[in-house]
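Student: Sequence unavailable; structure follows:
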């Protein structure tokens, strides 16, 4: 499994052009926080995107799973139409892998027979895609259920899962509707519109992590862009608590290769994370009077916090 280690940044703002002047940003598991005021260069996230493309991550996975856009932080709990469109894209870019495996099996058969029986060939391919979809949905809900049990400490919602239902009944079921449901007192209830803002945010992040686990074998990374926008002080603290719980759950599970990247301008949020997670190093970076740009990097889950100032 691949993780981001370092990125060299060149030609941004006051940073000189050329490898000799490149700023090397280290990404350490399980959390990196990039903090700075608006316009301070937090668009370093686009460099993360480039690296992910080089890792071969499909565009739909990158757009909807790995990188959590500020304005779409809770899309898994949006209207059903958007949920269907995005899950359809995710499965379209991944289901072909299983289909190709089935094709390889067919190749071992007599070529002449294969061409004479095209109907069987098409049927096998369709069945492979349907089987793949069913298998992946089971894996997603298994991971999602485990995460919810580990992280959510309320006594109302027992678990959450994603339901997929075929649009049309028939031999070939390749189109599905999706909905996020929560289980309360043994009954399944649609989650959108029936949960608190905190529960909605938690469910959205956990769904992304579950999708990342299932579809991103080479990329266990989630990036949150300005997650505290429009949140009051109490909700910001609750979000920090939630992220710390997610990190702890991931670090103590069998799936230890995990990176959470948070891009924020909220100094209070950064300080809250620092107090919760007690990092060994806090890289405090800012903008000075001469126009030099700085960033803040928090590397989490070590003890004895110390500060280290670095100029880009």
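Tutor: Cool, the structure landed. Predicted model, so just to flag it, every value in this text is computed and none were measured. Numbering: from 1, shown residues only.

Student: Run through the stretch 151-300 of the chain and note the low-pLDDT ranges.
Tutor: 168-174, 217-220, 253-257, 279-300 (pLDDT under 70).

Student: Sketch out the helices for it, chain order is fine.
Tutor: Here the stretch 151-300 of the chain has its helices, by DSSP state H, counting those that start in this stretch, at 197-215, 233-251, 267-277.

Student: how does this structure divide into domains?
Tutor: 12-57+255-312, 78-215 (automatic domain parsing).

Student: for residue 91, what are its contacts?
Tutor: Residues near residue 91 by Cβ atoms under 8 Å, 6 or more residues apart in numbering: 133, 136. Where you see a C-beta, it was placed from the backbone N, CA and C, and this is true even at glycine.

Student: tilt between the host helix or strand of it and helix 197-215?
Tutor: Residue 91 belongs to helix 80-92 when assigned by DSSP states H and E. Put simply, helix 80-92 runs at 20 degrees to helix 197-215, going by axes from the mean of the first three to the mean of the last three Cα atoms, to 10 degrees.

Student: So for stretch 264-273, what gets flagged as buried?
Tutor: By neighbour count on 16 or more other Cβ atoms under 10 Å, the buried set for stretch 264-273 is 264-266, 269-270, 272-273.

Student: Make CSV out of these and add distance to residue 252.
Tutor: Formatted as CSV, the buried residues of stretch 264-273 follow (distance: Cβ to Cβ, whole Å):
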residue, distance to residue 252
264, 25
265, 31
266, 27
269, 24
270, 24
272, 21
273, 18
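
Student: closest to residue 176 among the residues you listed?
Tutor: The nearest member of the buried residues of stretch 264-273 to residue 176, counting by Cβ to Cβ, is residue 264 at 35.2 Å.

Student: and the closest one, how far is that from residue 71?
Tutor: 15 Å (Cβ to Cβ, to the nearest Å).

Student: ditto for residue 142
Tutor: 30 Å.

Student: And residue 222, by the same measure?
Tutor: 17 Å.

Student: ditto for residue 130
Tutor: Applying Cβ to Cβ, the value for residue 130 to residue 71 is 34 Å.

Student: The two - which one has more neighbours?
Tutor: More crowded of residue 130 and residue 71, by other Cβ atoms under 10 Å: residue 130, with 18 against 8.

Student: how near is the more buried one to residue 69?
Tutor: 31 Å.

Student: for residue 167, same thing?
Tutor: From residue 167 to residue 69 the distance is 28 Å (Cβ to Cβ).
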